[in-house]
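Curious how this folds, go ahead:
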Amino acid sequence: MPNWKVPARQLPLPPGQSAFRVKGHGLRARMAVYDRIVLGGRKAVIAAIDDPAVREYLGQPILAASWYDLFAHAALDISAADLRKMAPWESVASASALQAEADASGIYALLLKVVSPHMLVRKLGAISSQYFDHGSVEVERIDDHAARMIRQGIPNQLYWWWGGILDGYVHALFRLSGAKNVTFHCGALKTDKPEDPLGIGSFAIDVRWE
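Take a look at the predicted model:
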C-alpha cells in the first residue's frame, strides 16, 4: 500500500484536470510567500519543477477568482522545499504559517481580536471553504483547552500536504489569537481506497493549547 505521508512528485492527472482545486487568491498568496523566502522567488520555484506541463500550467497568469489544480499547488510546494533544502512537510508548514500571518494582518485581523480559540476552531471550516472547492472540516470540543478537527473529502495523495498546511496555518492563527503552548497532532489517514491516489480520505487533527 502506498505511504501517503510521503509526497508523490508525479501528478495523478495532467495539470488542470483534477477535481480538487484551490482558489487563485490562495495560490497567489503562496507564491507571494515564496517571493519573500526563496532566492529568485516564484519564478525560481516554478522553474525547478520537474514536469514541464506543470511548469507551463503554473507559469500562466493566476487570477484571484479562478480555480486551479491543487496537485499543481502541491508540486509547487515540493519544488520550494527542494530549493529551501527542507523536508516537504516542514517547508509547507512554515510557508503556511507565513501565509496565515499575512491573512491575520488583512482579512482575519478583526476575527483574531474577538474570538476565543474554540470559536477560531469552528471558523476554520469557513476559512477553508474560501480557499478550496472540496471537502469539509468538522469540529468536536474535547475540553476547555482542546478540540478535534476532522478534515474530510481529501485525495489520498495529498494527505501529507493537508497535514502540513493545517499544522502551519493552525499553529500560526492560534498563536496570533493569544493561545499559548499550542500542540498539534495529525491522525492517520482513513480511506476506502488506500491504493488510489484519487481515493477520498479523511483524518483528524487534535489541537491543545493553554
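
residues contacting residue 167?
Neighbour list for residue 167: 89, 93, 96, 184, 186 [criterion: CB atoms under 8 Å, 6 or more residues apart in numbering]. Quick note: C-beta positions are derived from backbone N, CA and C, even for glycine.

again, only this time at 10 Å
89, 90, 92, 93, 94, 96, 97, 184, 185, 186, 205, 207 (CB atoms under 10 Å, 6 or more residues apart in numbering).

Quick check: the first one vs residue 158, distance?
Going from residue 89 to residue 158 by CB to CB, to the nearest Å gives 12 Å.

same deal with the second one?
Per CB to CB, residue 90 is found 16 Å from residue 158.

Those two: who's more crowded?
Set residue 90 next to residue 158 and count neighbours by other CB atoms under 10 Å: residue 158 wins out with 24 against 14.

what secondary structure does that one sit in?
helix (DSSP: H, G, I helix; E, B strand; the rest coil).

swap in residue 90?
Applying three-state DSSP: residue 90 is helix.

And it, how close does it get to residue 23?
Taking CB to CB, one finds residue 90 at 25 Å from residue 23.

Kindly report the same for residue 185.
Residue 185 is 28 Å from residue 23, by CB to CB.

Pick out the residue closest to the middle of the protein.
residue 165 (3.1 Å; CA atoms, centre = their mean).

contacting residues for that one?
30, 73-74, 77, 89, 92-93, 95-96, 99-100, 128, 131-132, 151, 158.

Just the ones of those residues in helices?
Counting by DSSP state H, the part of the contacts of residue 165 found in helices is 30, 73, 74, 77, 89, 92, 93, 95, 96, 99, 100, 128.

Can you go through these and name the buried ones?
Taking 16 or more other CB atoms under 10 Å as the criterion, what is buried in the ones in helices among the contacts of residue 165 is 30, 73, 74, 77, 89, 92, 93, 95, 96, 99, 100, 128.

which residues of this protein fall in helices?
24-37, 41-47, 52-59, 70-84, 88-104, 109-114, 117-129, 159-176.

for the second one, packing partners?
It refers to helix 41-47. When contacts are defined as 3 or more CB pairs under 10 Å, 6 or more residues apart in numbering; DSSP states H and E, helix 41-47 packs onto helix 24-37, helix 52-59, helix 70-84.
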